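K.L.:
I'd like to go over a predicted model; first the sequence, then the structure.
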Amino acid sequence: MTETDELLYRVDAEGIARITLNRPQARNALTFAMYERLHDLSLAIDADPAIRAVLIEGAGGRAFAAGTDIAQFRSFSTAEDALAYERFMDRVLGALERCAKPTIAAIAGACTGGGAAIAACCDLRIATRDARFGFPIARTLGNCLSVANLRRLSALIGAARVKEMIFTARLVEVEEARAIGLVSEVVEDAAALAEQATDLARLVAGHAPLTLAATKEGLRRVRDEAPSEAGDDLILQCYTSADFREGMEAFLGKRPPRWSGR
């Protein structure tokens with residue numbers, strides 16, 4: 001296990017990396033240092049073949065993350081401060097999104113602002129019944145989301161819903177979030193969330209890693225309007241791999257495949 005006071009990280013024996021946002025007294029509002037640590041962990045996890053899935057959660061059960069700690073903005077005084085912040089956020093969120101390992105957000109309570117942006121970068125989201133999602137910036141700070149964030153959210157729930165969420169500054173309750181595809185599963189409470197999220201991480205960790213990675217990257221390219229041939233490298237990565245050969249042999253031999261990620 002490695003950790004700081006505000007962000008905990010460990011990898012269990014099953015190859016599941018667990019990242020815990022650990023400022024429960026501030027509803028896990030993120031500092032710049034926490035974002036930087038998340039960026040660095042995303043790169044390290046991506047490069048580690050022993051890690052098969054990533055689970056991100058908030059400590060305390062009251063919030064996944066309530067966004068960026070507003071105190072972080074007090075030093076802003078120039079146009080470059082604003083641009084640098086959004087570039088910084090795009091770098092952090094981009095690293096998380098581009099991590100080839102399947103990522104799961106386990107969401108209890110408030111998931112707003114930067115916390116919602118982190119959850120949107122994850123591949124799968126599970127939430128408790130008291131979870132709430134949104135970007136209430138139109139009634140709080142009066143800032144805006146970067147184009148990269150708007151593109152990501154629009155691909156996830158549609159541009160019309162993104163506009164409605166931001167224009168009204170309301171928080172989306174969990175059943176609506178499930179209906180619009182923002183979360184895939186709703187559980188009763190924090191204890192059930194921990195169990196179900198771990199089960200899901202174990203499930204995806206047992207699947208072919210190259211298939212999952214190619215699907216993630218291919219969908220990102222589709223969203224970013226890449227041409228069809230932009231996926232040729234992903235096709236070759238899977239079809240020419242040892243895992244593809246292993247999958248065929250295991251299927252024909254009526255045995256479970258032993259995935260290597262190669």
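P.N.:
Yes, it's here.
K.L.:
residue ranges with poor pLDDT in this protein?
P.N.:
Where the chain drops to pLDDT under 70, the residues are 1-4, 226, 228.
K.L.:
for it, what spans make up the helices?
P.N.:
Remark: helices assigned in the chain by DSSP state H are 32-47, 79-98, 114-121, 147-157, 159-168, 174-179, 190-205, 209-223, 232-239, 242-252.
K.L.:
quick one: end-to-end length of stretch 51-70, please.
P.N.:
33 Å (CA to CA, to the nearest Å).
K.L.:
what residues of that stretch count as buried?
P.N.:
51-69 (16 or more other CB atoms under 10 Å). (Each C-beta comes from the backbone N, C-alpha and C, glycine too.)
K.L.:
circling back to that earlier point, of the helices of the chain, which approaches Gly261 most closely?
P.N.:
Go through the helices of the chain one by one with CB to CB and the one that ends up closest to Gly261 is helix 209-223, at 4.2 Å.
K.L.:
alpha carbons of that closest one, in PDB - could you do that?
P.N.:
Backbone C-alpha positions of helix 209-223 (Å, rounded to 0.1, in the frame of the first residue of the first chain) are rendered in PDB as follows:
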ATOM      1  CA  PRO A 209      -7.500  -7.300 -21.200                       C
ATOM      2  CA  LEU A 210      -6.700  -6.500 -24.800                       C
ATOM      3  CA  THR A 211     -10.400  -6.700 -25.700                       C
ATOM      4  CA  LEU A 212     -11.300  -4.300 -23.000                       C
ATOM      5  CA  ALA A 213      -8.500  -1.900 -23.800                       C
ATOM      6  CA  ALA A 214      -9.300  -1.900 -27.500                       C
ATOM      7  CA  THR A 215     -13.000  -1.300 -26.800                       C
ATOM      8  CA  LYS A 216     -12.200   1.700 -24.500                       C
ATOM      9  CA  GLU A 217      -9.700   3.300 -27.000                       C
ATOM     10  CA  GLY A 218     -11.900   2.600 -30.000                       C
ATOM     11  CA  LEU A 219     -15.000   4.200 -28.400                       C
ATOM     12  CA  ARG A 220     -12.800   7.200 -27.400                       C
ATOM     13  CA  ARG A 221     -11.700   7.600 -31.000                       C
ATOM     14  CA  VAL A 222     -15.300   7.300 -32.300                       C
ATOM     15  CA  ARG A 223     -16.300  10.000 -29.900                       C
END
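K.L.:
follow-up on the earlier one: let me have the helices of the chain in a markdown table, extended by distance to Arg139.
P.N.:
Supplementary listing: the helices of the chain in a markdown table, determined by distance: least, CB to CB, whole Å:
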| stretch | distance to Arg139 |
| --- | --- |
| helix 32-47 | 23 |
| helix 79-98 | 19 |
| helix 114-121 | 15 |
| helix 147-157 | 18 |
| helix 159-168 | 9 |
| helix 174-179 | 19 |
| helix 190-205 | 28 |
| helix 209-223 | 29 |
| helix 232-239 | 42 |
| helix 242-252 | 49 |
